[in-house]
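Colleague: Model the structure of this input:
(2 chains)
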There are 2 protein chains.
Amino acid sequence: MTQMEAAARGELTPEMKAVAEAEGVAAEAVLRGVAQGRIVIPGNVRRRGAKPLGIGEGLRVKVNANIGTSGDIEDLEGELLKARAAIEYGADTLMDLSTGKAIDEVRRELLKLPVPLGTVPIYQATMAAKRPMDLSEDDLFRTIEAHARDGVDFMTVHAGLTRESLDRLLKQGRLTGIVSRGGSILASWMLHHGAENPLYKDFGHLLDMAREYDVTLSLGDALRPGSIKDATDRGQLQELIILGELVEEARRAGVQCMVEGPGHVPLNEVEANVLLEKRLCRGAPFYVLGPLVTDIAPGYDHITGAIGGALAAMAGADFLCYVTPAEHLALPDLEDVRQGVIASRIAAHAADISRGIGIERDHAMAKARVDLDWERQFELCLDEKKAREYREKRRPQDPDVCTMCGELCAMKMVKGYLQAAEKASRDQ
Amino acid sequence: MTQMEAAARGELTPEMKAVAEAEGVAAEAVLRGVAQGRIVIPGNVRRRGAKPLGIGEGLRVKVNANIGTSGDIEDLEGELLKARAAIEYGADTLMDLSTGKAIDEVRRELLKLPVPLGTVPIYQATMAAKRPMDLSEDDLFRTIEAHARDGVDFMTVHAGLTRESLDRLLKQGRLTGIVSRGGSILASWMLHHGAENPLYKDFGHLLDMAREYDVTLSLGDALRPGSIKDATDRGQLQELIILGELVEEARRAGVQCMVEGPGHVPLNEVEANVLLEKRLCRGAPFYVLGPLVTDIAPGYDHITGAIGGALAAMAGADFLCYVTPAEHLALPDLEDVRQGVIASRIAAHAADISRGIGIERDHAMAKARVDLDWERQFELCLDEKKAREYREKRRPQDPDVCTMCGELCAMKMVKGYLQAAEKASRDQ
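Modeller: Predicted structure coming up:
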């Protein structure tokens, strides 16, 4: 039985209880969210060892880190180091996007880590077929099933890329075409064979497999914009409408699903993109990649992604896929992964505290600052090590303050006066 | 005659023309903005060599970088290196916040650079007096005049910190008290002497000096929140109301002015803060520090500041003061300055393109990506050097693509199909 089927029967599973406890919300709220499809708990029934994690309405905003080899860089041990660093710095889930040679090995190693794992099976199926047009429908579904059997918790399937949405895109034209790898494979295949997307045509088959293992489907946005110019266009919206229909089909089948979103989006369109997903897909958890709010900052796309992600999450996006400084340039290295996770965590947390979630830590930090209690400040930092390094490198003469203001430390200077005056004001 | 006085007479100055040209807007729009006080062109009449810069409604969002020695780190040459790096990476203005010993020298060197320079004269006056309570009113005004005579283009004066706003703050109480250095000096002085803020009491005198040199007053927010918890409180708003009154007084005197804003603000309050400033201060240019959308990311406050800054600028803030990764920890070094400027530039640009300003560069980048034209991509990057480094470090086998996707490059894979199909779609 899937979490969603259990919830439909009003059955509170251990996973729902664990999520409720971790989030500090009522178990009934989690149960209701899962039953309605507004919360997912990605957890393959064959998987052991991952902590139950809820994604969706009313819960903390979650962060995913992408890991994986590419054809150019195949270093299993390197990817595992990145995966562990991502978890250490606060990634809630991992996705294995390997396209190198040791895809099975990387996936199986990542499944030993304690967080939910997602994959995009079409990558492996395509690498095996060599060319997108040589991919067979059977092989694609076999790869999906193999991932499910291995215990993968959620999978990206680009089932909303249909003849219809592709035709709309072609009719409209676009500056950056298709930038989703899975979307690009499927579009090539569909145009070459003049055929419908098998993931759409046989969506029922996909649902059967997903239900058997309780794999959460992450409905991919093959037509997400690849540039500010292409944001929120007819191709993207046509696909989103179809994804909304697929969400309902999945819910009827008791299969958990979420919906993936852009991409490159100007700041002023971010909120509308979230609203559209929430409306068209009836509150399905929204998993966004970025969004990147400008195209001109390669080397700093973790920052452009944090800006877009914070705004999206404040507007209701539930799950942020990290972007690293290497995006658009190269496969991220260990330091890029760390930077990407932290930037996304900042965005997620900023959105959380805008709803009052997790704000206690900010208040504790503020108090530690007033108290000039540096040890406590470090403990409360998102990246304690980095903060300590800064202070160690440039130590002030007065251990109370820092080298920025030195003796002109505002906090230190006025504290005594304010305390006395506040007391006098109260005593009046 | 100040720019504002000239504008009031309908006189188009060379500076207004230069601003209009640089921004690609009508000269009349700049003239009208300056006349109404919605645009400032900070330019001391004694200053030579700085390019005219407009800040305010309808113009590109500008970025300031803070430079300056502290008591702990006094390295004139180091500060000049930082200043030049800040300009190279896109800072539109500099502020000299020196509190070390060679304050006059640093300021005079910075005045040789080609961007408007701002200062906070009370720092130097306080360093000379040794203790805030020993600061004399005459010395404070003498320091302000000395800075004006040297050619400083804009100055932060915390004139809205009055007995009234301070009393409101004390009555309310606050977690992080006063975190503005200037505010903290003045509050200590006011509480010690039981006296009104001289910058408020003698605001007319300040206006006389500002008018003589056409110094743009940057009305400081002494009571800006120092934590998420204190954001948008009664102390902050009382001061903003008073700043609104001072804006009108300055306008009547023909003195250009802008208003400074927070600070630490949760995401969901950023837009309201901008709206309040624009309403209460009748459209005066808004100069924000951050805002920082969480307190728990020391080491990454350039990112928290970029998130808040982008949102603030989209809502109407005109001028972003950069925040570096060293904020709350230490005096920034050269690399911190670079990181801070770039993060703020990303925020400013993201806000600009949300209004269609400067969007051509994003479109050109998108086109260079479709064309797999790496040289052109690098040229269009905010930080060309960094982007090149990434690619050089991890070169792909196929020079068209990058090591992230390798042969699975979406752009490369589907391009031929899409072009043929788009053509077929058009020909139908």
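
Colleague: Only C-alpha atoms from now on, for both contacts and neighbour counts.
Modeller: Noted.

Colleague: so who does the residue in the stretch 201-350 of chain A that chain B sits nearest to touch?
Modeller: Nearest to chain B, among the residues of the stretch 201-350 of chain A, is A:Leu331, at 3.9 Å (C-alpha to the nearest C-alpha). A:Leu331 makes contact with A:Ser70, A:Ile73, B:Arg394, B:Cys402, B:Thr403, B:Met404, B:Cys405, according to C-alpha atoms under 8 Å, 6 or more residues apart in numbering or on different chains.

Colleague: Narrow these to those in helices?
Modeller: If you go by DSSP state H, those have nothing in helices.

Colleague: As a markdown table, the residues you listed with pLDDT and neighbour count would be great.
Modeller: Below are the contacts of A:Leu331 laid out as a markdown table (pLDDT from 0 to 100; neighbours: other C-alpha atoms under 10 Å in any protein chain shown):
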| residue | pLDDT | neighbour count |
| --- | --- | --- |
| A:Ser70 | 82 | 23 |
| A:Ile73 | 74 | 23 |
| B:Arg394 | 84 | 18 |
| B:Cys402 | 84 | 25 |
| B:Thr403 | 83 | 26 |
| B:Met404 | 82 | 26 |
| B:Cys405 | 82 | 24 |
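
Colleague: Nearest to B:Gly358 among the residues you listed?
Modeller: B:Cys402 (27.1 Å; C-alpha to C-alpha).

Colleague: packing partners for the helix or strand harbouring A:Asp336?
Modeller: Under the criterion of DSSP states H and E, A:Asp336 resides in helix A:334-354. If you count contacts as 3 or more C-alpha pairs under 8 Å, 6 or more residues apart in numbering or on different chains; DSSP states H and E, helix A:334-354 packs onto strand A:62-67, helix A:76-88, helix A:301-315, strand A:319-321, helix B:267-280, helix B:301-315.

Colleague: Could you work out which of these reaches nearest to A:Asp352?
Modeller: Nearest of these (C-alpha to C-alpha): helix A:301-315, 7.3 Å.

Colleague: if I read this right, A:Gly56 contacts A:Arg32, doesn't it?
Modeller: No: using C-alpha atoms under 8 Å as the test, A:Gly56 is too far from A:Arg32 to be in contact (11.6 Å).

Colleague: ok, those two, which is more surrounded?
Modeller: A:Gly56 (26 against 17; other C-alpha atoms under 10 Å in any protein chain shown).

Colleague: ok, that one - contacts?
Modeller: Per C-alpha under 8 Å, 6+ apart, neighbours of A:Gly56: A:Gly33, A:Arg38, A:Ile39, A:Val40, A:Ala284, A:Pro285, A:Phe286, A:Asp318, A:Phe319.

Colleague: Sort out which of these are in helices and list them.
Modeller: Per DSSP H, the subset of the contacts of A:Gly56 in helices is A:Gly33.

Colleague: my guess is A:Val341 contacts A:Leu94, does it?
Modeller: No: under the criterion of C-alpha under 8 Å, A:Val341 makes no contact with A:Leu94, lying 10.8 Å away.

Colleague: These two: which has the busier surroundings?
Modeller: A:Val341 (31 against 27).

Colleague: returning to that earlier point: give me the buried stretch members for the helix holding A:Asp336, please.
Modeller: A:334, A:336-354 (16 or more other C-alpha atoms under 10 Å in any protein chain shown).

Colleague: and it with helix A:76-88, angle?
Modeller: If you take axes from the mean of the first three to the mean of the last three C-alpha atoms, to 10 degrees, helix A:334-354 sits at 20 degrees to helix A:76-88.

Colleague: Now render the helices and strands packed on helix A:334-354 as CSV, adding mean pLDDT.
Modeller: Shown next, in CSV, are the helices and strands packed on helix A:334-354 (pLDDT from 0 to 100):
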stretch, mean pLDDT
strand A:62-67, 97
helix A:76-88, 95
helix A:301-315, 98
strand A:319-321, 98
helix B:267-280, 98
helix B:301-315, 98
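
Colleague: can you put those in CSV and add mean neighbour count and distance to B:Leu166?
Modeller: CSV is the format used below for the helices and strands packed on helix A:334-354 (neighbours: other C-alpha atoms under 10 Å in any protein chain shown; distance: least, C-alpha to C-alpha, whole Å):
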stretch, mean neighbour count, distance to B:Leu166
strand A:62-67, 27, 41
helix A:76-88, 19, 44
helix A:301-315, 30, 33
strand A:319-321, 29, 42
helix B:267-280, 19, 19
helix B:301-315, 30, 26
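
Colleague: Of these, give the one that comes closest to B:Lys130.
Modeller: helix B:301-315 (30.6 Å).

Colleague: That closest one vs chain A: in contact?
Modeller: Yes: Helix B:301-315 comes into contact with chain A (C-alpha under 8 Å from any C-alpha of the partner chain), by way of B:Ile303, B:Thr304, B:Ala306, B:Ile307, B:Gly308, B:Ala310, B:Leu311, B:Met314.

Colleague: Tell me the one of those nearest B:Thr119?
Modeller: B:Ala306 (22.9 Å).

Colleague: what's the spacing between A:Leu170 and A:Leu186?
Modeller: Separation of A:Leu170 from A:Leu186 (C-alpha to C-alpha, to the nearest Å) stands at 15 Å.

Colleague: So which of the two has more stuff around it?
Modeller: With neighbours defined as other C-alpha under 10 Å, A:Leu170 and A:Leu186 compare such that A:Leu186 has more, 27 against 21.

Colleague: Which of the helices or strands spans the more buried one?
Modeller: helix A:181-193.

Colleague: if we can go back for a sec, common neighbours of A:Val341 and A:Leu94, please.
Modeller: A:Asn64, A:Ala65.

Colleague: tally of neighbours for the nearest residue to A:Leu219 once chain neighbours are set aside?
Modeller: Take A:Leu219 and drop its neighbours on the chain: the residue closest to it by C-alpha to C-alpha, 6 or more residues apart in numbering or on different chains is A:Val259, 4.8 Å away. By other C-alpha under 10 Å, 26 other residues sit near A:Val259.
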